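Colleague: Coordinates for the following, if possible.
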Amino acid sequence: MIPWTDRPTHLHWLEAHARGLLEFGRGTVPDESGGRWLADDGSVDASQPVFTWLTGRSAHVFALGALLGVPGTRPPAQRAITALRTRLHDDDHGGWYASVGPDGTPDTTKSAYAHAFVVLAASTGTVAALDGAPELLADALAVLSERFWEPDAGMHADEWDGAWTRKDPYRGVNANMHSVEALLAATDATGDPRWAHRAATIAGRVVRWARDGDWRIPEHFDAAWAPQPELNRDRPDDQFKPYGATPGHGLEWSRLLLQVDATLAGAAPDATAGTTAGGGTGTDAAPGDPDLVAAAAALYDRAVRDGWAADGEPGFVYTTDWDGTPVVRTRMHWVTAEAIGAAAALHQATGDHGYAEDYERWWDYAAEHLLDHVNGSWHHELDPSNSPTATVWAGKPDLYHAFQAALLPALPLSPGLAVAVRDGLRAVRR
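Modeller: Numbering: from 1, shown residues only. Here you go, the predicted model:
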């Protein structure tokens, strides 16, 4: 049977779904103060702060909409870029606030997670020729590199205080995962292979940790990068630092490893890196290294075996213990979105029809349970019986994961989304 990704009718459906998501989120950046948290009906939840990470995601998504030629998407993308250059930027100390509250008070914490999304936003904005995006990108790359990068570890630190005087001892994989995506986008936007090689350094370190843990990724570490597997056992459903293994991150890393591999296969050597990519010491990833493809498959397989229908009901559980036992059985929309992207990427990279079958299964689940056919977009959270709930994520904050799930299946693994959309590229399958 012809896979969906090879059917023009399915690709047309993906395009229509992407446009529908953009329409739902059209009010997410109403002015130059930043990206707003959306409620279930797409209205702005004014009780929520303006987050830098959310503004970065909004700039990225709507800049992609502009590159797709969707009318009305360039203005919100430009407003988001402007917010990142003004209200959300710390003019006194450099870098970006974590957020600005409803009363205008900034959270001055400097987070690698938020800074990664500034890099992603600026990269996509540069490709989309948004005003100020190249300058924003140069600034964001400098801050991410100079303040967060730890070359001996080959990873980014997680958090500083507002004045850059105290580095938090916590280290985490989540911010580094999004940094990999952002650094690949930066290479696309600038033509500088240094950032792709740094992404490979991070990827190689995570692959080794995952391999040592039977392909369950340790998420939390101390300042010396020693794993902290019991962190947050007392609050296992934390939004950003949940206890245990996170199958959704295994799926997201699976896709990212394939994109790193594809990007480096066509990238110039990194003349600044010495013996290891990006200047770090912790990678066995090299341009075209087939082990990244094997690692992507192993991460995907573990995430599906641990996460999918683990309690007898369809859907991916949020977290598991280190033996694969479900801990938080809530279904997050982003996990299914990442499963869609990972299955499509693995099918493209390997030609294995099993991934095409999974891709169709994940979309069927999304259409039946996650897509909100009344109000639009995706329910961001379901309970274990697949009914909408809001124990971890209230409302429908943004479009990032769902929108990428609608774009990735039709596009090549490299270059990234922005350049591929701009240049009208299509995936070439085995």
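
Colleague: Provide the secondary structure category for residue 310.
Modeller: State at residue 310, reduced to three classes by DSSP: H, G, I helix; E, B strand; the rest coil: coil.

Colleague: tell me the pLDDT at it?
Modeller: pLDDT, residue 310: 96.

Colleague: wouldn't it be in contact with residue 321 here?
Modeller: No - applying CB atoms under 8 Å, one finds residue 310 not in contact with residue 321, separated by 10.9 Å. (C-beta placed from N, C-alpha, C; glycine too.)

Colleague: neighbour-wise, which of the two wins?
Modeller: Comparing residue 310 with residue 321 by other CB atoms under 10 Å, the one with more neighbours is residue 310, at 19 against 16.

Colleague: how far away is the more buried one from residue 260?
Modeller: 28 Å (CB to CB, to the nearest Å).

Colleague: now swap in residue 217 and tell me
Modeller: Where residue 260 is concerned, residue 217 sits at a distance of 15 Å (CB to CB).

Colleague: the more surrounded of these two?
Modeller: The neighbour count for residue 217 versus residue 260, taken as other CB under 10 Å, is higher for residue 260 (33 against 23).

Colleague: Neighbours of residue 411, how many?
Modeller: Residue 411, neighbours per other CB under 10 Å, totals 20.

Colleague: correct me, but it touches residue 418?
Modeller: No - Residue 411 is beyond contact range of residue 418, at 10.2 Å (criterion: CB under 8 Å).

Colleague: Tell me both backbone torsions, phi and psi, for residue 157.
Modeller: The phi/psi pair for residue 157 (degrees, to the nearest 10) reads phi -70, psi 170.

Colleague: ignore the last one, residue 167
Modeller: phi -90, psi 130.

Colleague: What of residue 171?
Modeller: Dihedral angles (degrees, to the nearest 10) for residue 171: phi -120, psi 140.

Colleague: ok, now which ones touch it?
Modeller: Applying CB atoms under 8 Å, 6 or more residues apart in numbering to residue 171 gives the contacts 153, 155, 157-158, 220-223, 225.

Colleague: same thing but at 6 Å, please
Modeller: Taking CB atoms under 6 Å, 6 or more residues apart in numbering, we find residue 171 in contact with 158, 221, 225.

Colleague: Can you say which of those are buried?
Modeller: For the contacts of residue 171, a burial check counting by 16 or more other CB atoms under 10 Å picks out 158, 221, 225.

Colleague: May I have the secondary structure class of residue 259?
Modeller: helix.

Colleague: Number of residues surrounding it?
Modeller: Neighbours around residue 259, by other CB under 10 Å: 28.

Colleague: Surely it and residue 413 touch.
Modeller: Yes - the criterion here is CB atoms under 6 Å, and residue 259 meets it with residue 413 at 5.2 Å.

Colleague: and the spatially most central residue of the chain, what element?
Modeller: Note on the chain: the residue nearest the mean C-alpha position is residue 178, at 5.0 Å, using CA atoms, centre = their mean. Using DSSP states H and E, residue 178 falls within helix 173-190.

Colleague: Remind me what that helix packs against, helices and strands.
Modeller: helix 112-127, strand 155-156, helix 194-212, helix 247-265 (3 or more CB pairs under 6 Å, 6 or more residues apart in numbering; DSSP states H and E).

Colleague: rerun at 8 Å
Modeller: helix 112-127, helix 133-143, strand 155-156, helix 194-212, helix 247-265, helix 417-422 (3 or more CB pairs under 8 Å, 6 or more residues apart in numbering; DSSP states H and E).

Colleague: what does the third one contact?
Modeller: Residues lying outside strand 155-156 but in contact with it, judged by CB under 8 Å, 6+ apart, are 112, 144, 148-150, 171, 175-176, 179, 202, 205, 225, 280, 282.

Colleague: any idea how far that strand is from the chain center?
Modeller: The chain centre lies 16 Å from the centre of strand 155-156; the measure is CA atoms, centre = their mean, to the nearest Å.

Colleague: contacting residues around the helix or strand that comes right after that strand?
Modeller: Note on strand 155-156: by DSSP H and E, the next helix or strand toward the C-terminus is strand 159-160. Residues outside strand 159-160 that contact it (CB under 8 Å, 6+ apart): 95, 109-112, 147-148, 166-168, 170.

Colleague: Distance to residue 237 for the helices and strands packed on helix 173-190 - can I get that in TSV?
Modeller: Converted to TSV, the helices and strands packed on helix 173-190 look like this (distance: least, CB to CB, whole Å):
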stretch	distance to residue 237
helix 112-127	18
helix 133-143	30
strand 155-156	25
helix 194-212	22
helix 247-265	13
helix 417-422	30
